[in-house]
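[1] how does the following fold in three dimensions:
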Amino acid sequence: MAKPIIMPRFGMTQEDATIVRWLKKEGERVENGDPICEVTTDKVNMEVEAPVDGILTGLCYAEGETVPVTEIIAYILAEGEALPASTKTAAATAIPVALEQASSAAGVLRAAPDVRATPVARRIADAASVDLAAVLPSGMDGKITRQDVERYISERQIQPGMGKVRATPAARRLAQQHQVDLGQISGTGLAGRVQGWDVQAAVAQQVKPALAAQPPIPVTAPLIEGVSEIKLEGMRRTIAQRMQASWQQIPHIMFTIDIEMTQAEAMRQRFNVRLGGGISMTAVLVKACAAALRQHPVLNSYFREDRILVMPELNVGVAVALEQGLIVPVVRQADEKGLLQIGQEVSDLSRRARDGVLRPEDVMDGTFTISNLGMLGVDNFTAIINPPQVAILAVGRIAPRFVPDEAGRPALRSMMTVTLSVDHRAVDGAAAARFLATLRGILETAGAQWG
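    Residues are numbered from 1 along each chain as shown. This is a model prediction of the structure:
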């Protein structure tokens, strides 16, 4: 039987990946573990490997196409074996069949009551009369998640009044809420699937009919002679979509404070003299934020549709600017590490991010993000939250400023401005303010705490 190759999931929140290039050709013989193609997510480029020996065939997607995770992208055949009559039909059925065979071999039947699924997934499936045995699982240990059931429903079920339209669950909910006809919307997703932001754009056009009536400017014609065009693709396209969705869907609220960094900077310099360098101010901030998050765990959360998930680990992401966009490698369990170890990890992650050699685990499962532009001379700025996280800290430069001392007289101090953006659905203003007060206390007494 043909062995399907699926688009793997490289992170908890990943929904799709783009095929950058095929490394093997149609009809080429491959061995187990051979790289088949290179794919890119919003975070890293990775290679998809052959799961068995055989002949690569039935490539379902071209280079540059975006593919939902767990979708079949190609097949591997044994010698003399033929490809299924319809690649698309086989793509919808081959994985459940393969899973059923594997389960039977292990002595486990895939009868509906024995299907591994989350409680939420079961409730949604029951309400929609979906047979869970037909749903492709993407969760840990083969468990079916809510997203798996919603994806199955959106791809196979036609809702009354919606017509035969391919749309994500979020798009369908928004369309119902705003009474928008999905059949009138051009989808930007895979195979024309309507996405949430497509519906939001349609709603915006209804609000401003005068603008909607204006003829669009041809995107192929430059407005000014000599203007160059940068195609929105790959990492840049993914960043644009995620940031637009974040800004539109998350109610951001920002809090700005000034922190005196005299002791923190002196402590960092002492460490570097003793160790010969290696401790950046970003590393100090990672350690300080981890300590503050331990006292204010609600900021170390993920926001889901109907719940707040307070994460058990403090995995602090550090935004690193690249030519093609932004990437956020993660310092895992930062609250359990010393400043030296954090400094080494931040340096190593930043170097490998710029060299393009990060591993998937380097960018997965972040629970809080720091974006530091102080080294570029920026005094202060605000940052957009990276969902499903609920908070991000924007850090400006450390600069000498005159501030009042204890007696109210002007004193020259090293000051830094930080702005905390939080998801107001998950974090109240008082909780954000208490976090910042704790962070300021940690940094302003860093010399006493860390040596």
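
[2] only C-alpha atoms from now on, for both contacts and neighbour counts.
    Will do.

[3] give me phi/psi at V227?
    Dihedral pair for V227: phi -70, psi 130, per degrees, to the nearest 10.

[4] next up, the contacts around the closest residue to L314 other than its chain neighbours.
    The spatially closest residue to L314, leaving aside those adjacent along the chain, is Q333, at 4.9 Å (C-alpha to C-alpha, 6 or more residues apart in numbering). Contacts for Q333 (C-alpha atoms under 8 Å, 6 or more residues apart in numbering) come out as E313, L314, N315, V316.

[5] and Q333, what's its pLDDT?
    pLDDT for Q333: 95.

[6] circling back: just the ones of the contacts of Q333 in strands?
    Secondary structure assignment by DSSP state E places V316 of the contacts of Q333 in strands.

[7] ok, so of the contacts of Q333, who is nearest R397?
    The shortest separation between R397 and any of the contacts of Q333 is 19.8 Å, and it belongs to V316 (by C-alpha to C-alpha).

[8] neighbours of the closest one, how many?
    Counted with other C-alpha atoms under 10 Å, residues neighbouring V316 total 28.

[9] can you pull up the bridge partners for it?
    Residues in a beta bridge with V316, per DSSP bridges, are V331, F368.

[10] my read: it touches F368, true?
    Yes - with contact defined as C-alpha atoms under 8 Å, V316 counts as touching F368 (5.0 Å).

[11] list residues touching both of these two?
    By the contact definition C-alpha under 8 Å, 6+ apart, V316 and F368 are jointly contacted by no residue.

[12] who touches stretch 31-49?
    With C-alpha under 8 Å, 6+ apart as the contact definition, stretch 31-49 has outside contacts at 7-8, 14, 16-24, 50-54, 234-235, 238-239, 327-328, 356, 358-360, 363.

[13] any buried residues in that stretch, and which?
    Neighbour counts using 16 or more other C-alpha atoms under 10 Å place 31, 34-49 of stretch 31-49 among the buried residues.

[14] now that stretch: average pLDDT?
    For stretch 31-49, the mean per-residue pLDDT is 83.

[15] can you show me the strands along the stretch 51-200 of the chain?
    Residue ranges of the strands in the stretch 51-200 of the chain, as given by DSSP state E, counting those that start in this stretch, are 54-57, 66-68, 72-77.

[16] and of these, who's closest to R352?
    If you check each of the strands of the stretch 51-200 of the chain against R352 by C-alpha to C-alpha, strand 66-68 wins as the nearest, at 25.3 Å.

[17] so what does that closest one touch, helix or strand wise?
    Identification of packing neighbours for strand 66-68 by 3 or more C-alpha pairs under 8 Å, 6 or more residues apart in numbering; DSSP states H and E yields strand 16-22.

[18] just checking: what are the partner strands of the following helix or strand past the strand it packs on?
    Next along the chain after strand 16-22, taking DSSP states H and E as the criterion, comes strand 29-30. Within its sheet, strand 29-30 is paired with strand 54-57 (antiparallel), according to DSSP bridges.

[19] state the mean pLDDT of the strand it pairs with.
    Strand 54-57 comes out with an average pLDDT of 92.

[20] same deal with stretch 430-446?
    Computed over stretch 430-446, the average pLDDT equals 95.

[21] excluding chain neighbours, what is closest to T262?
    Excluding its sequence neighbours, the residue lying closest to T262 (C-alpha to C-alpha, 6+ apart) is S414, at 5.3 Å.

[22] what is that neighbour paired to in the beta sheet?
    Beta-bridge pairing of S414, defined through DSSP bridges, involves P400.

[23] what's the separation between it and L443?
    Separation of S414 from L443 (C-alpha to C-alpha, to the nearest Å) stands at 12 Å.
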